[in-house]
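Here is a sequence with its predicted model. Questions after.
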Amino acid sequence: MTSASIRHGRPAASRRAGGNAGAAFGCVVRAEWIKFRSVRGWVIGMIVAALLTLLFGVFLAGNASIGCGPTVSGRACLPKVPVGPGGEAVTDSFYFARQPLAGSGSLTVRVTSLATMISTGGHAGPVGQGPRNPLANMQKGLVPWAKAGIIITASTRQGSAYAAIMVTGSHGVRMQDDYVHDTAGLAGVVSPAAPRWLRLTRSGDVISGYDSADGKHWDLVGTATLTGLPGTVQAGPFATSPINNEVQPFFGGAHIQSGPSQATAVMADITRHGHWPTAKWTGDNIGGRGNSPGTGAGYFRQSGGVLTISGSGDIAPLVPGPGSFYPTATIEQPLSAIFIGLIAVVVVAAMFFTTEYRRGLIRTTLAATPSRGQVLAAKAVVAAGAAFLAGLVASVIAVPIGISRARNQGQFVLPVSLLTEVRVLVGTAAMVAVAAILAVAVGAILRRSAAAVTTVIVLIVLPFLLSVAVLPNGAADWVLRLTPAAGFAIEQSIPNYSQVSSLAGPAGGAYPLTPWEGFGVLCLYAVVALALATVLLRRRDA
Amino acid sequence: MTQAPSHPVLARPVLAHPVLAASRDALQAEWLKLRTVSSSAWLLTGVVALTVGIGAAVMAANRCPPGTTCLEDTAKLSLTGVQAGQAVVAVLAVIAVTGEYSTGMIRTTLTAMPRRGMLLTAKALLIAAAVLAASTAAVGASVLAGWLILPGHGFTAARGVTGLSLADGPVLRATTGSVLYLGLIALLSLGIGTLVRDSAVAIGTALGLVYLFPVVTAFVSNPVWQRRLERYSPMAGLNIQATTGVKALAIGPWAGLGVLGIWAVVTLLAGGLALALRDA
């Protein structure tokens, strides 16, 4: 009964309004901060968290020197990767039958077929070299993102700005521009019985793509604005087909067989409007042989009004993962050891609350600050602050060292914008901080160290482990959407592109949720735990 | 056997050797503690529930698509829950010793049982026995769940899946091995708990050892280091669950379990040494 009256009796301090309440909370935070910093083990725990994350991260990130010849390895093997208009690394190799187009104009074709051949005896997985015998063992097969159609590009240089409309292996008609943008048009597979009419029109910097199933009724698929497009652009039919990955899943992993593929398309009724200074198509193997994920082969043939074009490679952003042509690394790779630091932070944060119960200090604490919600909030603020600092120190040091090590070993580090880099670094620290808040709240709910630490670790680390190792892709995606492990998405620096078949799972830096959504899921867990902890803390006797 | 009892006044049945008598007392005392702490029963139930629950959920999520052959290791698949259950095993073993430190009970215990090595041995034996019993139930129920769930999800003999029969040598190895695995995790955690003496730090260390290696290995790009981690970390013990593709493993099933055994023994010895040398 006495405890009840103490709980409901509001103390003078919290009855004061406005700024005074803020000052009172400041005092509570200060009190908790003094508790935190005066327990040597906790401060050491946070330092250990930062150090372990840093050392293991740097060690793990640059740990595979790439060889690209009998005596050549490391930095000398760094591939020359084209960079797109948005600053992202891209794959840009295709066969191009081109003509200059001066000023505005349009190009229309009818595509009657798209056939793909897959190499089964080519190279497998990410190696620094192209396939030894690219055209060996080619056989018919479906490549979902094989593409052929018409393209308008600023120049024939790899990484140029472009807009294209195309038929694909199994994703219907698509309009794509500047490597990262992709819009769906007519669905269905192209065939002589079901041809597709494609049209690109240029007007200044704006390129519009249209498709039609009969050549009469046209639909606008999309428009692209390519700023700074030169007056004379290169336009014409193209064909290309990406590396094909055959995945044979088995429990705990997958056999991946990768090989280049080749797309051959037949087009007819090529119509040009506007000023086309030359009358002939010029064949160009963009990317050529060598620095291209394709077979390096390509051609075009024209007889009558029919044009056959065959090419290999891709026009798409470069993504990490086992299917990637180049040995790539991401900037978040040196942060993979964050799991180690996270466990240390969770231990300290949970103890920050549970120790009060073990020592009986909670009674003193609650006598000094009868507003129990404030005590919890202050502890959360202090633990999160310390965890954020530890995470930030680790990530800000680990990432530059890790990526420079990876580069020295011949891995191409996928470039990202400064904003993305800041998001990865600060976001990782913020994720650790939110995990600390979750641990404080779970500590307040369970009041036992062992139970609280285990709950938080099992909630965050185990789902990640299961989704990497044992769950099939669909279930793994759901686990990474619904559990606190979703928060690791904040580290993803290269977005998921639907127009690229990527084999990168979470360990390769691909999460099902966007970075902020994933972080939001983790925050939601922390908020719910905090709310539950507040209610229980107010209801229960200490 | 014929040696005269040293304390003839004792009314209870007398064992011939004082060490034997003391070890019986230690076992009885530890059993009394383990039995009467309410968390023990909850945690042992938790081992079974979490192992079977997570195992069944993972099995329900896996499916062999129609018209294909599946290479899935069904025994390993049905025993996935062990990876979750081991967390509860670790908690049980850790608090068996850290609980005594947090309440100060350890001073009473050591006053009553000054042979510290014997105390830890008694604890280890009883915790291992309790965990082995719970693990047998958990693994048995997991295999039962596998029988019920997997054929309905396309994992049938017609699709190239080997059956989940306990008469099958590798399946028997996987199931009994999983029980032993959990027993070794208990010993490892007990050793860490004795060494560290604090629940939170000990459980963090124990879970770090079992969960971090597989996560970190997934990120390691260097095949040499990947293989080293797979061979020499505590996670090598989980290789005991493999029934297919055993030759491709970085370390064989029994050898892997042996690696975990070495981790457990070394940690337990270190814990015992620390217990013997330190003040409580």
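That came through, no problem.

Not counting its neighbours along the chain, what's nearest residue B:154?
Counting by C-beta to C-beta, 6 or more residues apart in numbering or on different chains, residue B:64 is the residue found nearest to residue B:154 once chain neighbours are left out, at 3.4 Å. C-beta coordinates here come from the backbone N, C-alpha and C atoms, glycine included.

so which helix or strand takes in that neighbour?
In this structure, residue B:64 sits in neither a helix nor a strand according to DSSP states H and E.

so residue A:90 is in which element?
Assigned by DSSP H and E, residue A:90 belongs to strand A:90-119.

same check, this time on residue A:60
If you go by DSSP H and E, residue A:60 is part of helix A:40-61.

I'd like to know how many residues surround the residue nearest to residue A:89 when sequence neighbours are not counted.
Of all residues not flanking residue A:89 in the chain, residue A:318 sits nearest, at 4.1 Å (C-beta to C-beta, 6+ apart). By the criterion of other C-beta atoms under 10 Å in any protein chain shown, residue A:318 has 27 neighbours.

for residue A:263, same thing?
A total of 31 residues lie near residue A:263 under the criterion other C-beta under 10 Å.

Is it within a helix or a strand, and which one?
strand A:261-275.

Show me what that strand is packed against.
Using 3 or more C-beta pairs under 8 Å, 6 or more residues apart in numbering or on different chains; DSSP states H and E as the contact test, the elements touching strand A:261-275 are strand A:90-119, strand A:147-153, strand A:196-203, strand A:232-240, strand A:306-311.

Give me the sheet partners of the second one and which way each runs.
Meaning strand A:147-153. Each strand that strand A:147-153 pairs with, and the sense of that pairing, follows from DSSP bridges: strand A:162-168 (antiparallel), strand A:232-240 (antiparallel).

Show residues contacting that strand.
The contact list for strand A:147-153 (C-beta atoms under 8 Å, 6 or more residues apart in numbering or on different chains) reads A:94, A:96, A:101, A:107, A:109, A:111, A:114, A:160-169, A:173-174, A:198-200, A:202, A:207, A:233-241, A:263-265, A:267, A:309, A:311, A:315.

Buried subset of those residues as a PyMOL selection?
Provided next is the PyMOL selection string for whichever of the contacts of strand A:147-153 are buried by 16 or more other C-beta atoms under 10 Å in any protein chain shown:
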select buried, chain A and resi 94+96+101+107+109+111+114+160+161+162+163+164+165+166+167+168+169+173+174+198+199+200+202+207+233+234+235+236+237+238+239+240+241+263+264+265+267+309+311+315
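
sorry, back to before: tell me who's in contact with the residue nearest to residue A:89.
With contacts taken as C-beta under 8 Å, 6+ apart, residue A:318 has the following neighbours: A:81, A:88, A:89, A:90, A:91, A:324, A:325, A:326, A:328, A:414.

okay, these in JSON lines with neighbour count, distance to residue B:17 and pLDDT next?
Output for the contacts of residue A:318, formatted as JSON lines (neighbours: other C-beta atoms under 10 Å in any protein chain shown; distance: C-beta to C-beta, whole Å; pLDDT from 0 to 100):
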{"residue": "A:81", "neighbour count": "20", "distance to residue B:17": "76", "pLDDT": "84"}
{"residue": "A:88", "neighbour count": "22", "distance to residue B:17": "77", "pLDDT": "90"}
{"residue": "A:89", "neighbour count": "24", "distance to residue B:17": "75", "pLDDT": "90"}
{"residue": "A:90", "neighbour count": "23", "distance to residue B:17": "79", "pLDDT": "89"}
{"residue": "A:91", "neighbour count": "30", "distance to residue B:17": "78", "pLDDT": "87"}
{"residue": "A:324", "neighbour count": "24", "distance to residue B:17": "68", "pLDDT": "66"}
{"residue": "A:325", "neighbour count": "27", "distance to residue B:17": "73", "pLDDT": "69"}
{"residue": "A:326", "neighbour count": "24", "distance to residue B:17": "71", "pLDDT": "74"}
{"residue": "A:328", "neighbour count": "24", "distance to residue B:17": "68", "pLDDT": "81"}
{"residue": "A:414", "neighbour count": "23", "distance to residue B:17": "70", "pLDDT": "89"}
